[in-house]
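Undergrad: below is the structure, and that's it, no one-letter string:
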């Protein structure tokens, strides 16, 4: 029985990531499985619980990226990079929502959707590949990509719910 429940739990991560990947070509399947599966609780939750794990990971990464940008701004960097990082900090800070986890737990998915979409837009505003001004922010490439993936995961799980 224990082996069966562990197998089922592993399957929910795989199944959910498969379902999301089938409907959203921008999802990195391996990132999804690795991220959601990294939380020990993912082996004991249902889809709603898996969504909460995604929200927690998104929130942590988003806040961590803001702190990372603040640290970068303390370094002596070239003025164009400092300007771009400063802009990204403004954009990220304006999208930060402290009670995202509480909103999700209260099943206020519409509000969560609004804030996650803002977070996704913040990532896009600081993505060097989609920057209209051509300002490149290489130190944010990985954190931006991770946030984008977490946003996809959270939004798509809420769509399934």
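TA: Now that the structure is in, tell me what you want to look at. For clarity, every value in this text was computed on a predicted model and none was experimentally measured.
Undergrad: tell me where the chain has helices.
TA: 2-23, 29-37, 47-73, 79-95, 100-105, 109-125, 141-160 (DSSP state H).
Undergrad: lowest average confidence across those, which one?
TA: For those, the weakest mean pLDDT is recorded on helix 2-23, namely a mean of 73.
Undergrad: and the helices of the chain as CSV, adding mean neighbour count?
TA: (Glycine included, C-beta is placed from N, CA and C.) Output for those, formatted as CSV (neighbours: other C-beta atoms under 10 Å):
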stretch, mean neighbour count
helix 2-23, 14
helix 29-37, 18
helix 47-73, 19
helix 79-95, 17
helix 100-105, 18
helix 109-125, 19
helix 141-160, 21
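Undergrad: from the chain's centre, how far out does stretch 85-97 sit?
TA: 15 Å (C-alpha atoms, centre = their mean, to the nearest Å).
Undergrad: please shift the residue numbers so they start at 29 in all later answers.
TA: Got it, first residue is 29 now, which makes that one stretch 113-125.
Undergrad: quick one: contacts of that stretch?
TA: By C-beta atoms under 8 Å, 6 or more residues apart in numbering, the residues outside stretch 113-125 that reach it are 90-91, 93-94, 97-98, 100-101, 105, 131, 143, 146-147, 149-150, 153-154, 163, 165, 167-168.
Undergrad: can we see that at 7 Å?
TA: Identification of contacts with stretch 113-125 by C-beta atoms under 7 Å, 6 or more residues apart in numbering yields 90-91, 93-94, 97-98, 100-101, 143, 146-147, 150, 153-154, 165, 168.
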